[in-house]
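*Asks:* Show me the folded form of this:
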Amino acid sequence: NVTAIAPEPNVPQDNNSDLVKLDVNVKQNPIAPGEEQTVTLIASDPITGEPLERIFVHLTIKDPSGNVVKDYTDNDGKLSPTFIISEDAVGTFTILGTALQAGVESSKSLTFQVQ
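*Replies:* Numbers count the residues shown, from 1 in each chain. Okay, here's the model as predicted:
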């Protein structure tokens, strides 16, 4: 009779881990419905400030209702997608950027207003 040991639940990281510094920026805040928004996520070395080139990054954008409207991934440490804000979207959008390095996830969130 073998008892399985449950893994520790994932403890949320405060902003960035020691391995990765994440920067998330938006081109326009506030922005009007129907306009083009650009979101930039860059993973860099917290000590040197140099961008990390071989790191998995994930960018999720949620509308004011909490629905995921855009989802982007890449393996080179940087994402900078441009997308059109929906005509009927007004309120606070949430951006969540994450990076995975050596099994450690770092995350950073940001909001922008559509009005």
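
*Asks:* contacts and neighbour counts: CA atoms only from here.
*Replies:* OK.

*Asks:* My read is that L110 contacts I95, right?
*Replies:* Yes - L110 lies in contact with I95 (CA atoms under 8 Å); the separation is 5.1 Å.

*Asks:* So for the spatially most central residue of the chain, what's the pLDDT?
*Replies:* Against the mean C-alpha coordinate of the chain, by CA atoms, centre = their mean, the closest residue is G97 at 1.1 Å. Looking at G97, its pLDDT stands at 97.

*Asks:* residue contacts, it?
*Replies:* 22, 24, 41, 57-60, 107-109 (CA atoms under 8 Å, 6 or more residues apart in numbering).

*Asks:* returning to that earlier point: more neighbours: which of L110 and I95?
*Replies:* Taking other CA atoms under 10 Å, L110 and I95 do not tie; I95 has more neighbours (24 against 14).

*Asks:* Skip the chain neighbours and tell me the closest residue to the more buried one.
*Replies:* Ranked by CA to CA, 6 or more residues apart in numbering and with sequence neighbours excluded, the top spatial neighbour of I95 is I61, at 4.6 Å.

*Asks:* Checking I95 next. Helix, strand or coil?
*Replies:* Here I95 is recorded as strand under DSSP: H, G, I helix; E, B strand; the rest coil.

*Asks:* which ones are touching D88?
*Replies:* Contacts of D88 by CA under 8 Å, 6+ apart are P33.

*Asks:* swap in Q28?
*Replies:* 37-38, 112.

*Asks:* Let me know the closest of those residues to L79.
*Replies:* Within these, proximity to L79 (CA to CA) peaks at T38, which comes in at 9.9 Å.

*Asks:* which residues of this structure fall in strands?
*Replies:* Counting by DSSP state E, the chain has strands at residues 21-26, 36-44, 56-62, 68-74, 78-79, 82-84, 91-101, 104-114.

*Asks:* Show me what counts as buried in the last one.
*Replies:* Within strand 104-114, the residues that count as buried by 16 or more other CA atoms under 10 Å are 105-109, 111-114.

*Asks:* Could you check the angle that strand makes with strand 91-101?
*Replies:* 160 degrees (axes from the mean of the first three to the mean of the last three CA atoms, to 10 degrees).
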